[in-house]
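Asks: With the input below, show me the fold.
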Amino acid sequence: MRDDDTIDDQYAHEGPTGRSDDTPSSVQVGVSRGTEAVPSLRTRLGSLINPLTRRPSRVALASGLACCLGVAAFAGVQALPADRLDPVAAQPALTERAQEGAASRGQARPPVTAPPTSAAAPTASPSPTATKKAKPKPKPKPKRIAPVAGLDQAQMDNAKAIVKAGRKMGVPRQALIIAVATAMQESNLYNYASGVLPESQNYPHQAIGWDHDSVGLFQQRPSSGWGEVRDLMDPEYATQAFLSALLEIPGWQNLALTDAAQAVQVSAFPWAYAQHEWRATEVVEAILA
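Replies: This next block holds a predicted model:
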């Protein structure tokens, strides 16, 4: 008998016609024995395989399994982020990622407001420039009136001082003209010091005279009771002294200019004042204009 006939006879009773359900024997064995189907099948297959070829199959199976595991491991390594592979190389990427996260958080985060505190906020101390007193505005310079009637600027300024002092006293216009005409005759509208009184030269003056102790615009003498030297050298005081004496003369408004001036001055040349009346009138009008 051939070996193949022996094998055919061995499995002839398990053919399709040997059982009523026509189920292959391998399946029936698995059904009847439960979990033993797999070992039985392995046993039958193993009997058909030459024992000499079992070891190479196992080696090939192990090699294939190792190859699959290596591919999977390589794919897993490739899937890891760069910062998990090399910390040093991933440092720039981590820094950039942190900066991007900080920027995005800063944009999304609402502005932070300080919580209210119970203590009052300290007031700022004023700066030194704020506490410094403002400098007073300089006084406007008095308006300079152009000279008229042949006077120079110094004479015109002195005539203006006479008119200003008379207006403080509230005297009428005629009294101002008499005062200016008298100063034209006595001092030519210059403020004189006296060579006889060296003290008078200690005060502002524009000329020096030698007519006894006469000083100032009206050549008033301290020895005659007109006042102290320092006062008579002041144009305002000298004018007020003259006008006060003029106002004491009864009916001075009805007197001629030269008579009114002479009544105050008691000059050796009483008619000399009349020659200055028209010029004095022009000067006063220019100042009062």
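
Asks: Please report the distance of residue 190 from residue 159.
Replies: Plainly put, residue 190 is 11 Å away from residue 159 if you go by Cβ to Cβ, to the nearest Å. No exception for glycine: its C-beta is placed from N, CA and C like everyone else's.

Asks: When these two are compared, which one has more neighbours?
Replies: residue 159 (29 against 17; other Cβ atoms under 10 Å).

Asks: and that one, what does it touch?
Replies: Counting by Cβ atoms under 8 Å, 6 or more residues apart in numbering, residue 159 makes contact with 151, 180, 183, 189, 283-284, 287.

Asks: Let me see the confidence value for the closest residue to residue 219 other than its chain neighbours.
Replies: Closest residue to residue 219 apart from its sequence neighbours, by Cβ to Cβ, 6 or more residues apart in numbering: residue 186 at 4.3 Å. At residue 186, the predicted lDDT confidence score is 97.

Asks: And for residue 122?
Replies: For residue 122, the predicted pLDDT is 53.

Asks: Quick check: mean pLDDT of stretch 169-176?
Replies: In the prediction, stretch 169-176 has an average pLDDT of 98.

Asks: Kindly check the end-to-end length of that stretch for me.
Replies: Distance between the boundary residues of stretch 169-176 (Cα to Cα, to the nearest Å) amounts to 11 Å.

Asks: What is the neighbour count of the residue nearest to residue 219?
Replies: Residue 186: 24 neighbours (other Cβ under 10 Å).

Asks: does it sit in a helix, a strand or a coil?
Replies: Here residue 186 is recorded as helix under DSSP: H, G, I helix; E, B strand; the rest coil.

Asks: next one: residue 239
Replies: In three-state terms, and counting by three-state DSSP, residue 239 is helix.

Asks: pLDDT value on the nearest residue to it once chain neighbours are set aside, please?
Replies: Distances taken as Cβ to Cβ, 6+ apart put residue 165 closest to residue 239, at 4.0 Å, once the chain neighbours are dropped. For residue 165, the pLDDT comes out at 98.

Asks: Secondary structure element holding residue 165?
Replies: Using DSSP states H and E, residue 165 falls within helix 153-169.

Asks: Okay, buried residues for that helix please.
Replies: By neighbour count on 16 or more other Cβ atoms under 10 Å, the buried set for helix 153-169 is 155-163, 165-166.

Asks: And stretch 252-261, by the same measure?
Replies: Going by neighbour count (16+ other Cβ under 10 Å), the buried part of stretch 252-261 is 252, 255, 257-261.

Asks: Just the terminal-to-terminal distance for it.
Replies: Stretch 252-261: ends 9 Å apart by Cα to Cα.

Asks: before we move on, back to that, could you measure the residue nearest to residue 239 against residue 242, distance?
Replies: Residue 165 is 9 Å from residue 242, by Cβ to Cβ.

Asks: just the strands in this structure please.
Replies: If DSSP state E is used as the criterion, the strands of the chain fall at 192-194, 207-209.

Asks: Adding distance to residue 226, mean neighbour count and mean pLDDT, write those out as JSON lines.
Replies: Converted to JSON lines, the strands of the chain look like this (distance: least, Cβ to Cβ, whole Å; neighbours: other Cβ atoms under 10 Å; pLDDT from 0 to 100):
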{"stretch": "strand 192-194", "distance to residue 226": "13", "mean neighbour count": "23", "mean pLDDT": "98"}
{"stretch": "strand 207-209", "distance to residue 226": "15", "mean neighbour count": "15", "mean pLDDT": "97"}
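
Asks: wait, which of those strands is closest to residue 234?
Replies: For the strands of the chain, the distance to residue 234 is smallest for strand 192-194, at 12.3 Å, taking Cβ to Cβ.

Asks: Packing partners of that closest one?
Replies: Under the contact criterion of 3 or more Cβ pairs under 8 Å, 6 or more residues apart in numbering; DSSP states H and E, strand 192-194 touches strand 207-209.

Asks: phi, psi of residue 136?
Replies: Torsion angles at residue 136 (phi, psi; degrees, to the nearest 10) stand at phi -60, psi 140.

Asks: Look up how far residue 222 lies from the residue nearest to residue 233 when sequence neighbours are not counted.
Replies: With sequence-adjacent residues excluded and distances taken as Cβ to Cβ, 6+ apart, residue 233 is closest to residue 203, at 4.0 Å. Using Cβ to Cβ, one obtains 13 Å as the distance from residue 203 to residue 222.

Asks: Comparing the two, which residue is more hemmed in?
Replies: Neighbours were counted for residue 203 and for residue 222 using other Cβ under 10 Å; residue 222 has more, 20 against 16.
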